[in-house]
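Peer 1: need a structure here:
(chains A and B)
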Amino acid sequence: MSTKEHKIGEIIAQHHRREGPLLPILHDVQAEFGCVDAESEALIAKGLNLSRADVHGVVSFYHDFLAEPDARPEVQICRAEACKARGVEEIMDAAAAAAGERVKLTTVYCLGLCSAGPSARVGDRLHARLDGPRLAEIIENA
Amino acid sequence: MPETKTVRISDDALARALGADELAAAFAKKGHEVQRTSSWGMHWLEPLVEIDGRGWGPATPEDVDDILEGGASELAIGAIAEHPFIARQQRLTFARAGRTRPLSLEDYEATGGWAGLKRARNIGSARILEEVTQSGLRGRGGAGFPAGIKWQTVARAPADQKYIVCNADEGDSGTFADRMLIEGDPFALIEGMAIAGEAVGADKGYVYLRSEYPDAIRKLEAAIGLSAGIVAPFVCEVRVGAGAYVCGEETSLLNSLEGKRGEVRAKPPLPALEGLFGKPTVVNNVLTLAAVPHILSEGGAALYDSLGIDRSKGTMPIQLAGNIRHGGLFETAFGVTLGELVEDIGGGTESGRPVKAVQVGGPLGAYIHPDQFDIRFDYEAYTAADALIGHGGVTVFDDTADMGAMARFAMEFCAAESCGKCTPCRIGAVRGVEIIDRIRAGGRAPDHVERMDVMHNAPRHGRSREQEIGLLTDLCETMKFGSLCALGGFTPFPVISALKYWPEDFAGKTAGEAEAAE
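Peer 2: Modelled structure (predicted):
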């Protein structure tokens, strides 16, 4: 049994008695491996007695689950209406330049800091009232 | 040795994003007792420092010494509770905001916590339903459906298992009241859910909380653990979403909770009769459920019913966001005008430029022109004006906003977040982006297929800007009446309102220029 198989088995065992266990399982697998790939989908399907198509359908529906891992640090930037009203679009070029190939910039809608945008999230750390230089600094430190 | 002061600083996610943790650490380092409380909701002042009821904000660690010496006068706002922004509000759902420590059971009980639940358990199901109905409470998630009627339907449905589901998938831009409530007063939500369970005969509750709110997830899970013995036999559980906006729609949320794709279900059957796992289910927004403990306290229902106007009863936690000087949470009785909210309470734009547009009700809400600022905050008044109050988000734009671009974004957002179940939303949103691009390009020339010799009936003159606008209007009608849920159905609101009030932002090139560019 591979370590992946073993780990996923543990995650399934932890959740399978819950009602509707698939999403909590997928969250844990995503957190553990940085993605929910085809191999994981097959293992989860087997563990929950679902078809692989069922599991793949769910994985591919949600933005939070990735098909392959991305080793780059991630910076989420809110680009919804309230942050647009506070000028996030004007600082996106500077953000992209600061990120280059090293950092993954993800657009999210939204972080719920709508009175103090533009805002960004790195891991569980939130940042608000950003301007170009401040955002670039966050990206460089990510 | 200087005296030790009690310093109160919010641990709300917004305050933390603005450096509240570093500020708290700086006070603690000086030997003072720091209490982390909920946020008062005056976001332009965060991080706000409170000492003996007086406030300083927005403060940084460099201001600590000045504040302790009673200086820092440029940051001082005086007595916080008497600040006009707070004094003008009527806070029922957010009565504890700024005043209590979110995870302190002691603070919660000392401010009337659990009184509603205790009374609910004494008076029993029939009277709870009666009082909730009497209060006039309507769903705060956006649809405004009377909570009492929904609860009665679930209560009457025969079943071995029923559920209370709290919709905390607050994805609308410009809204943050659910987040603030869960982070600031999580026990109120738990109490509201337990009362709902008592009313309809459900012993299991789920809170579907979005993954973009890590602080709220952590606090609610802690609060559920702390209060488990108090609400038992009612059991609450947090389920984390996975970044799908559409899961804020109740049937999509139920599918997601069941572990499926978050696709919208056709109604009927209503979730009240066949909801989670096919069982009768109350699905209510955070603010609806959190309003319940107050309503169930002695005389609460009658007070709630006495507030507001027409059929919009009680108070609404309104969220002032976007380009606004005094952004934050403003809870008040229904009936306040938009002009008061934006100009008077909100202080106009933060940039100091004139207000161009205000989007009320999140990404699916109409853009409202300053000419309509006399509109009163009321479900029916907004519906009559082809707008919606939704979850109570008010997003202000100054005169630099490009409303054509915002209309395009509305369609783009719908395309990105559509669940794909119904055609008007899935395909209409993509076509909508394309049409808006063509309108802004001044129409289009005949394409290569239309120019083929065999295409005898194809128009030879392309499509004018006016024809493209006709097409967009038509598409919006189809989306509005043909979509299964509010995502496809309400996306036309921002698009059509932007086109109606700011047609110049759609002008782009003239037809001649477009042809020349071709």
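Peer 1: quick one: the strands in chain A?
Peer 2: Under the criterion DSSP state E, strands of chain A are mapped to A:74-78, A:104-108, A:120-122, A:125-127.
Peer 1: show me what counts as buried in stretch B:432-443.
Peer 2: B:Gly432, B:Val433, B:Ile435, B:Ile436, B:Arg438, B:Ile439, B:Arg440, B:Ala441, B:Gly442, B:Gly443 (16 or more other C-beta atoms under 10 Å in any protein chain shown). For glycine as for every other residue, the C-beta is placed from the backbone atoms N, C-alpha and C.
Peer 1: pLDDT at B:Ala72, what is it?
Peer 2: Confidence at B:Ala72, expressed as pLDDT, is 81.
Peer 1: which element is it on?
Peer 2: B:Ala72 is part of no helix or strand, with elements assigned from DSSP states H and E.
Peer 1: excluding sequence neighbours, find me the nearest residue to it.
Peer 2: Spatial nearest neighbour of B:Ala72, excluding adjacent residues (C-beta to C-beta, 6 or more residues apart in numbering or on different chains): B:Asp66 at 3.8 Å.
Peer 1: I figured the one you found hits B:Ala76, correct?
Peer 2: No. With contacts defined as C-beta atoms under 8 Å, B:Asp66 does not count as touching B:Ala76, sitting 9.7 Å away.
Peer 1: quick one, domains of the chain?
Peer 2: In the absence of a named chain, chain A is used. Following automatic domain parsing, one gets these domains for chain A: A:3-61, A:74-141.
Peer 1: hmm, I had chain B in mind actually
Peer 2: Following automatic domain parsing, chain B resolves into domains at B:6-87, B:105-306, B:308-398, B:403-517.
Peer 1: and the end-to-end length of the first one?
Peer 2: End-to-end distance for domain B:6-87, by C-alpha to C-alpha, to the nearest Å: 23 Å.
Peer 1: repeat for the second one
Peer 2: In domain B:105-306, first residue to last residue: 30 Å (C-alpha to C-alpha).
Peer 1: now the domains of chain A in JSON lines, with mean neighbour count, distance to chain B and mean pLDDT?
Peer 2: Written out in JSON lines, the entries for these read as follows (neighbours: other C-beta atoms under 10 Å in any protein chain shown; distance: least, C-beta to the nearest C-beta, whole Å; pLDDT from 0 to 100):
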{"stretch": "domain A:3-61", "mean neighbour count": "17", "distance to chain B": "3", "mean pLDDT": "96"}
{"stretch": "domain A:74-141", "mean neighbour count": "21", "distance to chain B": "3", "mean pLDDT": "96"}
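Peer 1: out of the ones you listed, flag the one nearest B:Ala26.
Peer 2: The closest of these to B:Ala26 is domain A:74-141. By C-beta to C-beta, the value is 18.2 Å.
Peer 1: quote the end-to-end distance of that closest one.
Peer 2: By C-alpha to C-alpha, one end of domain A:74-141 lies 11 Å from the other end.
Peer 1: and the domains of chain A: which comes nearest B:Val207?
Peer 2: Put simply, out of the domains of chain A the one that sits nearest B:Val207 is domain A:3-61, at 13.4 Å, with distance taken as C-beta to C-beta.
Peer 1: just how off-centre is the closest one within its chain?
Peer 2: Distance, stretch centre to chain centre, for domain A:3-61: 16 Å (C-alpha atoms, centre = their mean, to the nearest Å).
Peer 1: where do the strands of the stretch 101-250 of chain B begin and end?
Peer 2: Assigned by DSSP state E, counting those that start in this stretch, the strands in the stretch 101-250 of chain B fall at B:163-168, B:204-209, B:235-240.
Peer 1: any idea which of these is most buried?
Peer 2: Burial among these, expressed as mean neighbours by mean count of other C-beta atoms under 10 Å in any protein chain shown, is greatest for strand B:163-168, which shows a mean of 28.
Peer 1: tell me which strands that one pairs with, and in which orientation.
Peer 2: Sheet pairing here is set by DSSP bridges, and for strand B:163-168 it gives strand B:204-209 (parallel), strand B:281-285 (parallel).
Peer 1: list the contacts of the shortest one.
Peer 2: Identification of contacts with strand B:281-285 by C-beta atoms under 8 Å, 6 or more residues apart in numbering or on different chains yields B:139-142, B:147, B:150-151, B:154, B:162-168, B:178, B:196, B:200, B:202, B:250, B:253-254, B:271-272, B:275, B:391.
Peer 1: one more: the longest one?
Peer 2: Taking C-beta under 8 Å, 6+ apart as the criterion, the residues outside strand B:204-209 that touch it are B:161-169, B:182, B:189, B:193-194, B:196-197, B:216-217, B:220, B:234-241, B:247, B:253, B:256-257, B:276.
Peer 1: and the residue of the stretch 301-450 of chain B that's closest to chain A?
Peer 2: Residue nearest to chain A within the stretch 301-450 of chain B: B:Gly327 (2.8 Å; C-beta to the nearest C-beta).
Peer 1: pLDDT score for the most centrally placed residue in chain A?
Peer 2: With distances taken as C-alpha atoms, centre = their mean, chain A has A:Asp64 as the residue nearest its mean C-alpha position (4.2 Å). Per-residue pLDDT puts A:Asp64 at 95.
Peer 1: all set now, cheers.
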